[in-house]
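1. below: sequence and its predicted model.
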Amino acid sequence: MRLSKFANAVGVTLFGALFCVFIIQIVARFAFNSPLAWTDELAVVLYIWMVLWCAAFVVRAREHVMFDLAYNAVSPLAQRIMRLVGSITLAGLVGYGLAGNWDYIWFMRRERTPVLDISFLWVFVPFMFLLVSLVVKNVWSVISDLTTPSPQPSPIKGEGV
């Protein structure tokens, strides 16, 4: 629960900072007719961080967009099998790509943003947070599906458990 509150607080802080930078840019551009380059760049960096951080730690799996028409039409056992296949596949593929993604992000540390001179390592490191969280969440889903007892079919036809 504490980690969830912390993740939410970071997401809110990132959004608040993005909003403040956006307002500063609007005031500078339209009130003083003097756009600020640093606000554009910082807004992009904050947006990247906010989206990737929240996708990794704030938005729950059931809140993501899903196409679950086929999933909802099958039995609980078939749903479990679909979850297992999907979770194993996603954890495996993302896990396989972790090293390559980190190598590229680490390689980008020598490149810097043009105005604020921020290393691209710091711009794109939340992408690694997202990838690691995908692996952890999907491994946890596999463990949960394998250790939870299978739902029993309802004695009344058409009534799910």
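-> That came through fine.

2. what residues are up against the residue nearest the centre of the chain?
-> Taking C-alpha atoms, centre = their mean, the centroid of the chain lies closest to Ala55, which sits 2.1 Å from it. For Ala55, the contact set (C-beta atoms under 8 Å, 6 or more residues apart in numbering) comprises Leu130. Heads up, the C-betas are built off the backbone N, CA and C, glycines and all.

3. are we agreed that it is in a helix?
-> Yes - with DSSP: H, G, I helix; E, B strand; the rest coil as the criterion, Ala55 is part of a helix.

4. okay, it and Val21: tell me how far apart.
-> Distance, Ala55 to Val21, using C-beta to C-beta, to the nearest Å: 21 Å.

5. same check on Phe32?
-> Phe32 is 16 Å from Val21, where distance means C-beta to C-beta.

6. tell me which helix or strand of this structure sits lowest on mean pLDDT?
-> helix 69-73 (a mean of 86; mean pLDDT, DSSP states H and E).

7. past that one, which element shows up next along the chain?
-> Next helix or strand after helix 69-73 toward the C-terminus (DSSP states H and E): helix 76-107.

8. how far away from the center of its chain is that following helix?
-> Per C-alpha atoms, centre = their mean, to the nearest Å, the displacement of helix 76-107 from the mean C-alpha position of its chain is 14 Å.

9. buried residues of it, list them for me.
-> Gln79, Arg80, Arg83, Ser87, Leu90, Ala91, Val94, Gly95, Asn101, Ile105 (16 or more other C-beta atoms under 10 Å).

10. contacts for the least confident helix or strand of the chain?
-> Counting by C-beta under 8 Å, 6+ apart, Gln79, Met82 sit against helix 69-73.

11. switch to 10 Å and redo it
-> Met66, Ala78, Gln79, Met82, Arg83, Gly86 (C-beta atoms under 10 Å, 6 or more residues apart in numbering).

12. closest one of these to Phe15?
-> Proximity to Phe15 was ranked across the contacts of helix 69-73 by C-beta to C-beta; first place goes to Met66, at 24.1 Å.

13. residue contacts, Trp53?
-> Trp53 sits next to Ala7, Val10, Gly11, Thr13, Leu14, Phe15, Pro126, Phe129, Leu130, Ser133 when contact means C-beta under 10 Å, 6+ apart.

14. I'd guess the fourth one is in a helix, am I close?
-> Put plainly, it is Thr13. Yes - with three-state DSSP as the criterion, Thr13 is assigned to a helix.

15. so it makes contact with Met50?
-> Yes - judged on C-beta atoms under 10 Å, Thr13 makes contact with Met50 at a distance of 9.2 Å.
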